[in-house]
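Undergrad: missing the sequence, but the structure's below:
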């Protein structure tokens, strides 16, 4: 296969981000041209307009919850991404580190260096301890999602540092590398430490060490599958989960959005009972503002099951027919193979 | 009433924030000691430990959705705030402005000054136009929630400015006031422009002009009501909504959290049908990670209705009994008078 003919996979960049890792796990460099994008919306746009064959976007973190930017793009209030479907998922273990220029190079720290800035908060919640003196750190940089994933460590050791939001954990490390005073530090991946020549000031500072992000693979409705080159859905990395039945009789997930008539009492319950009627297990529900009217919502339902192409008798197909009768509008956003096994 | 005996109302500060405005609407300075707190958790802690009689926290924005920090405190995974109940709500119209030092003082702008930095994005989505040349603005400061509320304006006029997250819109204005180069700007309230001597570079830059934030008033379970000094629930400001029936036979809202056994298919549907059985109108559903196990959630349900004290026959009481049979655990987080009328 020549360089020019490789299908493009767009992902939320930059290089070295967790989404990059998820992308490489699912799509090999030898078969695909991996293309970093600046925003999650850029990934959607690249897939929608056909510039990219697939896209990879973060969807949900096990500690911090949904990625609302991604939910809003799926809600698609302005009808810009009407051809986007989910076709796969990927799980990546997220291990944040605190990166910067070490104030002291001693590995054996004095008590002062490792002392919590707020001893009351230290109460066994943060398992990580600094590898360096952090008293010099005045500014922290990271992606907004990361703050919520490292609350205990941040509150215990660097509570008074000012937090600056940047577009990715990788970008955070890049910025910190430019500040030679050592007053800046980044919440980022250990890969980024190598990439930008930074010291690891603390390792695995997540509140939950099993912190995992789920990524979704998106495609256009009408996109074809190049013969023999694409796995049915991406593989998994760095988690205890493994693909169950190799895609043969594996279980499936489906994502659906719908809106209800808020003037109609019980409208939401009626919509949800459409799924119950067909014995479909709802695994999660999310809401986002509908954009139409204040305090109206777009509901996101994820369930176990698969919409069958061209069949009328599948459970999901049946539930969607039922849903259509009681909701204001709905959209099937794809069915894909489940890649998580409960441990 | 002497100064010392005034009940304390804790709110998410600083002075000049939208929460401050919500607090003043609900609690008058003459009857209460209004006390700004640094974080939402500080407000919960002040009420839980009895330092404050009431607390006021942001809960939901009409454009940007739920305030996840507040949801997580209600989810209360570590059992720190087990006595907190919601006892009221308040709506405040949010009108963000872009504040800074004007590069040009001309009110009649040249075409260049008002030109979108990304003309493709200008497509009638952002109704606000800059009052000043923004080409000089390199850094933006605001509270994380504000970015999502002003997407169209930001993408159109200041896409390439770097965004810095700070703890409040008021704090953002304070920081910007210190940068005399005019390269910094804040998404903040018009009140903050006066407070910090900044120019208004653009007015009402929200995507949705009817952008409104809902605040909740919290109390301790066992807190008493000082005779004659507290309204049944706070009043409303700056919205088209008005208090319906003066609290006599007005409608009520109730907030409930519950967890389900994820190994049991249909568990979520069973829990939700407990509410349907009693004809309760669910007005919103939210989920947050349960903190117990990855991909398990705490569900938040808000419904129209009221848990009756000491009664067994109320609809909400009935639904809670039913819920108890099918959920893993639940918590009633309070019932309060609805302060919103659909317009």
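TA: Noted; the coordinates are in hand. All of these numbers come straight from a predicted model, not from anything done at the bench.
Undergrad: pLDDT (mean, whole number) over stretch A:195-205?
TA: If you average the pLDDT over stretch A:195-205, you get 94.
Undergrad: should've said stretch A:294-309
TA: Averaging pLDDT along stretch A:294-309 gives 89.
Undergrad: and the end-to-end length of stretch A:159-178?
TA: 23 Å (CA to CA, to the nearest Å).
Undergrad: which parts of that stretch are buried?
TA: A:161-177 (16 or more other CB atoms under 10 Å in any protein chain shown). In this view, the C-beta of every residue, glycine as well, is placed from N, C-alpha and C.
Undergrad: what do you get for stretch A:22-33?
TA: Of all the residues in stretch A:22-33, those buried under the rule 16+ other CB under 10 Å are A:22-27, A:32-33.
Undergrad: so in terms of bridging, what pairs with the residue of chain A found nearest chain B?
TA: When scored by CB to the nearest CB, chain A has residue A:165 as its residue closest to chain B, at 3.5 Å. Note on residue A:165: beta-bridge partners by DSSP bridges are residue A:142.
Undergrad: give me every residue that touches it.
TA: Residues in contact with residue A:165 (CB atoms under 8 Å, 6 or more residues apart in numbering or on different chains) are A:142-144, B:144, B:163-165.
Undergrad: nearest to residue A:200 among those?
TA: Using CB to CB, residue A:142 is the member of those that lies nearest residue A:200, at 14.8 Å.
Undergrad: OK, contacts around the closest one?
TA: Residue A:142 makes contacts with A:96, A:163-166, A:169, A:172, A:186-188, as judged by CB under 8 Å, 6+ apart.
Undergrad: low-scoring stretches of the stretch 51-200 of chain A, by residue?
TA: Filtered on pLDDT under 70, the stretch 51-200 of chain A yields the residue ranges A:104-127.
Undergrad: show me what from it comes close to chain B.
TA: Within the stretch 51-200 of chain A, the residues that sit near chain B (CB under 8 Å from any CB of the partner chain) are A:61-66, A:68, A:144, A:148, A:162-166.
Undergrad: inside strands: which ones of those residues?
TA: A:61, A:65-66, A:162-165 (DSSP state E).
Undergrad: and the most centrally placed residue in chain A, what are its bridge partners?
TA: Taking CA atoms, centre = their mean, the centroid of chain A lies closest to residue A:58, which sits 2.4 Å from it. When bridges are called by DSSP bridges, residue A:58 pairs up with residue A:215.
Undergrad: for it, give me its contacts.
TA: By CB under 8 Å, 6+ apart, the neighbours of residue A:58 are A:12, A:18-19, A:22, A:40, A:67, A:70, A:145, A:213-215.
Undergrad: got those as CSV, with distance to residue B:220 columns?
TA: Output for the contacts of residue A:58, formatted as CSV (distance: CB to CB, whole Å):
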residue, distance to residue B:220
A:12, 43
A:18, 41
A:19, 43
A:22, 45
A:40, 41
A:67, 35
A:70, 38
A:145, 33
A:213, 37
A:214, 38
A:215, 42
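Undergrad: and which of these is nearest to residue B:136?
TA: Distance to residue B:136 across the contacts of residue A:58 (CB to CB) is lowest for residue A:40, with 28.7 Å.
Undergrad: wait, doesn't the closest one sit right on residue A:72?
TA: No. Look at residue A:40 against residue A:72 with CB atoms under 8 Å: they stay out of range, at 9.1 Å.
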